[in-house]
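> Give the three-dimensional model of this entry:
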Amino acid sequence: MNIAQNSVTPVSASHPYVGMWVTADGHIRHNLLPNGRYDEARGNRKSAYQGHYEIRGNHIDYWDDTGFTADGTFIDGVLHHAGMILYRAK
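Numbers count the residues shown, from 1 in each chain. Take a look at the predicted model:
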């Protein structure tokens, strides 16, 4: 996929990064929603973090509703985020 690195890519249900991403142990689950929002679950805690995100090329920026910010990079179909590696849920 060739996406301009500096432009924000509008998300939609067909965007290749929209959907569920999980750590190998299933403890952390990021649901990237097609409306630009995300919902992160941790263990048994559903909706531990929620906020919005933007994608620029293979880079993602997160803004939690509480004001926390984070980012990540998609590399070869894997999301690298805050020291974690998340895989597309099957």
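
> Just read off the phi/psi values of residue 17.
For residue 17, the backbone dihedrals (degrees, to the nearest 10) come out as phi -100, psi -10.

> wait, isn't it in contact with residue 74?
Yes: the criterion here is CB atoms under 8 Å, and residue 17 meets it with residue 74 at 6.1 Å. In this view, the C-beta of every residue, glycine as well, is placed from N, C-alpha and C.

> List the residues that are in contact with both of these two.
Counting by CB atoms under 8 Å, 6 or more residues apart in numbering, the contacts common to residue 17 and residue 74 are residue 60.

> Which parts of this structure are strands?
For the chain, strands defined by DSSP state E occupy the ranges 8-9, 19-23, 28-32, 37-42, 45-56, 59-64, 69-75, 78-81, 84-88.

> I'd like the average pLDDT over stretch 80-90.
Across stretch 80-90, pLDDT averages out at 94.

> how long is it end to end?
From its first residue to its last, stretch 80-90 covers 18 Å (CA to CA, to the nearest Å).

> need the contact list for residue 52.
Contacts for residue 52 (CB under 8 Å, 6+ apart) come out as 36, 37, 38, 62, 63.

> Then residue 53?
Contact criterion CB under 8 Å, 6+ apart gives 11, 32, 36, 37, 38, 60, 61, 62, 63 as the residues in contact with residue 53.

> run the last query once more with 6 Å
Counting by CB atoms under 6 Å, 6 or more residues apart in numbering, residue 53 touches 38, 60, 62.

> Could you identify which of the residues you listed has the most neighbours?
For the contacts of residue 53, the largest number of neighbours (other CB atoms under 10 Å) sits with residue 60, at 23 neighbours.

> For residue 56, name its beta-bridge partners.
Judged by DSSP bridges, the bridge partners of residue 56 are residue 8, residue 59.
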